[in-house]
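1. Starting from these lines, generate the structure:
(2 chains)
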Amino acid sequence: AQKVTQAQTEISVVEKEDVTLDCVYETRDTTYYLFWYKQPPSGELVFLIRRNSFDEQNEISGRYSWNFQKSTSSFNFTITASQVVDSAVYFCALSEAVGSGYSTLTFGKGTMLLVSP
Amino acid sequence: KAGVTQTPRYLIKTRGQQVTLSCSPISGHRSVSWYQQTPGQGLQFLFEYFSETQRNKGNFPGRFSGRQFSNSRSEMNVSTLELGDSALYLCASSLGYNQETQYFGPGTRLLVL
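-> So this is what the prediction gives:
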């Protein structure tokens, strides 16, 4: 069975600090997808990134960057120069192929990020 | 494109009642998945529908059921509500092929008294 572990329950930083959210996963699939979602207090899960298991290139999008390392089964997320608006719960998720072409998401427990001014 | 919409946004019920939640996916998306989010268990998969057929089901009792209509809108029903059913119920839509990204709605917060 697949599993996603986000060991950091809560992180508090001051604005402009860099912060890294850790994600470790377990799966027996050779083809899988990894995701990060952001959940602000309003409750809606906002999609941030999707990464295929065959693509280990790091990705940068503005202040956000992702480090995918298959050797350590990790998919970490870094926010550079954090801002108060980054305060939210962040979820890492793993997609497992259940049948032909479809899948279900397994989520980690989430990391609550608090950015204070 | 409009995002995923869910109605109602908030709901209060009493034990033993039943409830129906609705989800309208992004236009063109044929897959709708439902998740339950609670502080204790986190986000858990309930079921997924594609072209009016349930393709996958999570580990929930039979009191939880769903359906999908020909326009891809979906409803989930919980019968004989229990206090433990209090949760945020999230609906997500996707095209339904090859593990594409699931896009989530704002959720329905259900409180069972």
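2. Run me through the strand neighbours of the lowest-mean-pLDDT helix or strand in chain B, direction for each.
-> When each helix and strand of chain B is scored by mean pLDDT, DSSP states H and E, strand B:53-57 comes last, with a mean of 91. Using DSSP bridges, the strands paired with strand B:53-57 are strand B:42-50 (antiparallel).
3. Tell me the gap between the strand it pairs with and the middle of its chain.
-> Centroid separation for strand B:42-50 versus its chain: 7 Å, with CA atoms, centre = their mean, to the nearest Å.
4. Can you list the low-confidence ranges for the chain?
-> Using chain A here. Along chain A, the parts satisfying pLDDT under 70 run over A:98-102.
5. oops, chain B please
-> Low-confidence segments of chain B, defined by pLDDT under 70: B:1, B:98.
6. residues from it in reach of chain A?
-> B:31, B:33, B:35, B:42-43, B:45, B:48, B:50, B:55-56, B:58, B:88, B:90, B:92, B:96-107, B:109 (CB under 8 Å from any CB of the partner chain). In this view, the C-beta of every residue, glycine as well, is placed from N, C-alpha and C.
7. Drop anything exposed from those residues.
-> Neighbour counting with 16 or more other CB atoms under 10 Å in any protein chain shown marks B:31, B:33, B:35, B:42-43, B:45, B:48, B:50, B:55-56, B:88, B:90, B:92, B:96, B:99-107, B:109 as buried within these.
8. related to what we said a few turns ago, give the next helix or strand downstream of the least confident helix or strand of chain B.
-> strand B:64-68 (DSSP states H and E).
9. Check what contacts that next one and list those residues.
-> B:32, B:34, B:46-47, B:49-54, B:74-79 (CB atoms under 8 Å, 6 or more residues apart in numbering or on different chains).
10. Surely residue A:10 is in contact with residue A:110?
-> No - in this structure residue A:10 lies outside contact range of residue A:110 using CB atoms under 8 Å: 9.6 Å.
11. of those two, who's got more company?
-> Higher neighbour count among residue A:10 and residue A:110: residue A:110, with 22 against 10, using other CB atoms under 10 Å in any protein chain shown.
12. In strands, which of the residues of chain B next to chain A appear?
-> The strands, defined by DSSP state E, take in B:31, B:33, B:35, B:42-43, B:45, B:48, B:50, B:55-56, B:88, B:90, B:92, B:103-104, B:109 from the residues of chain B next to chain A.
13. and chain A, which residues reach chain B?
-> Contacts of chain A with chain B, taken as CB under 8 Å from any CB, map to A:32-33, A:35, A:37, A:42-47, A:50, A:91, A:95, A:97-99, A:101-110.
14. Going by neighbour count, which of the residues you listed are buried?
-> Among the residues of chain A next to chain B, the ones that count as buried by 16+ other CB under 10 Å are A:32-33, A:35, A:37, A:43-45, A:91, A:95, A:97, A:102-110.
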